[in-house]
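K.L.:
Pasting the sequence and the predicted coordinates here, then a few questions.
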Amino acid sequence: MAKKTVFTTFCMLFAIGCTGVQTNNKSNTSNDEAANSLNNGDNDHHNKSRHDKTSHLKRGKSEVMEIDLGESPNRRIEDINNVRREVEEDIANERVMDISRLVDKTMPNSDLVIKKLSEIKNEQEMILSRGNSSQKKQVAIQNRLIKSYRHWKGTKYAFGGDSADGIDCSAFTRRVYREAFDYELPRNTVSQIKVGTQVSRQNLKPGDIVYFKPDGGGNHTAVYLGNSLFLNASTSKGVVISTLENVYWGKNFRYGVRVNRAQEAIS
């Protein structure tokens, strides 16, 4: 009987011990799970933070790109600003208005043309230092015209010609417009003088077409530069800079033609 009691007591103690072990294991497991959960939570939080940061960066880049796209100037305006900077640099270095290289000194009135060009150059320098946007636009137009003229200076006149081997007045006028304004004029003088609005001599601006009609002669077009000067494919001298103060040209001038659409590219 005593042996049976001892055995029963031993079994009860063993059962309690096992229960404690199970409880501890379960507690440990719970603690491990809690720790793992905590660690996983940290990882999830860390990963979420990284994701949020990444998303924010991506979103930030997208927003920046959208802002850049929204605020980026029109390509045409960029080109205009580039031209203006280039013009200012050219004038500062006296490359565009290198008067000695622009004038054919064998031309009648060449001294007057040199004087007029010097006046234009001085006016440009003043405008670029303290002029308004409209005046600076005029400078940009003049220098585009001069750059085009320099490509063709001295090219001989050839009726019907349209190349460096020989060029006539309407072809030269069309070439200048193409190079200075990226605008395509008609090929012949009669059509060219119909594309814009007529203006008087007193209201001429750089870039206007100037139209001449000698009595009993043919039509003639050229491109106005300013200060009475115009870029001209002369039948006797080829491509030169002429002046309306010359008796022949002054007498035979009829009117100017302003092609606003051409000059919009640098407005």
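P.N.:
That came in fine, so what should we check first?
K.L.:
quick one: the strands in this structure?
P.N.:
Secondary structure of the chain (DSSP state E): strands at 162-163, 166-167, 197-199, 209-212, 220-226, 229-234, 238-243, 253-258.
K.L.:
which residues are in contact with the first one?
P.N.:
Residues outside strand 162-163 that contact it (C-beta atoms under 8 Å, 6 or more residues apart in numbering) are D168, A171, R175. (Each C-beta comes from the backbone N, C-alpha and C, glycine too.)
K.L.:
shouldn't W152 be in contact with V240?
P.N.:
No: using C-beta atoms under 8 Å, W152 makes no contact with V240, being 9.8 Å away.
K.L.:
These two: which is more packed in?
P.N.:
Between W152 and V240, counted using other C-beta atoms under 10 Å, V240 has the larger neighbour count: 25 against 19.
K.L.:
ok, the nearest residue to that one once chain neighbours are set aside - how many residues close by?
P.N.:
The shortest distance from V240 to any non-neighbouring residue, by C-beta to C-beta, 6 or more residues apart in numbering, is to D104 (5.0 Å). By the criterion of other C-beta under 10 Å, D104 has 16 neighbours.
K.L.:
A140 and S118, how far apart?
P.N.:
20 Å (C-beta to C-beta, to the nearest Å).
K.L.:
Look at those two and report which has more neighbours.
P.N.:
A140 (22 against 13).
K.L.:
measure that one to V103 for me?
P.N.:
In terms of C-beta to C-beta, A140 sits 22 Å off from V103.
K.L.:
again, but for E245
P.N.:
15 Å.
K.L.:
Tell me which of these two has more neighbours.
P.N.:
Set E245 next to V103 and count neighbours by other C-beta under 10 Å: V103 wins out with 19 against 14.
K.L.:
Tell me where the model's unsure across the stretch 1-150 of the chain.
P.N.:
1-96 (pLDDT under 70).
K.L.:
mind redoing it with 80?
P.N.:
Along the stretch 1-150 of the chain, segments meeting pLDDT under 80 span 1-97.
K.L.:
Run through the stretch 151-267 of the chain and note the low-pLDDT ranges.
P.N.:
265-267.
K.L.:
how about the helices in this structure?
P.N.:
2-71, 75-92, 110-130, 133-152, 169-181, 189-192, 247-252, 260-263 (DSSP state H).
K.L.:
The fourth one vs strand 229-234, what angle?
P.N.:
Which is helix 133-152. In terms of direction (axes from the mean of the first three to the mean of the last three C-alpha atoms, to 10 degrees), helix 133-152 departs from strand 229-234 by 20 degrees.
K.L.:
Packing partners of helix 133-152?
P.N.:
helix 75-92, helix 110-130, helix 169-181, strand 220-226, strand 229-234, strand 238-243 (3 or more C-beta pairs under 8 Å, 6 or more residues apart in numbering; DSSP states H and E).
K.L.:
Okay, angle between the fourth one and helix 110-130 too, please.
P.N.:
Angle between the axes of strand 220-226 and helix 110-130 is 50 degrees (criterion: the same axes, to 10 degrees).
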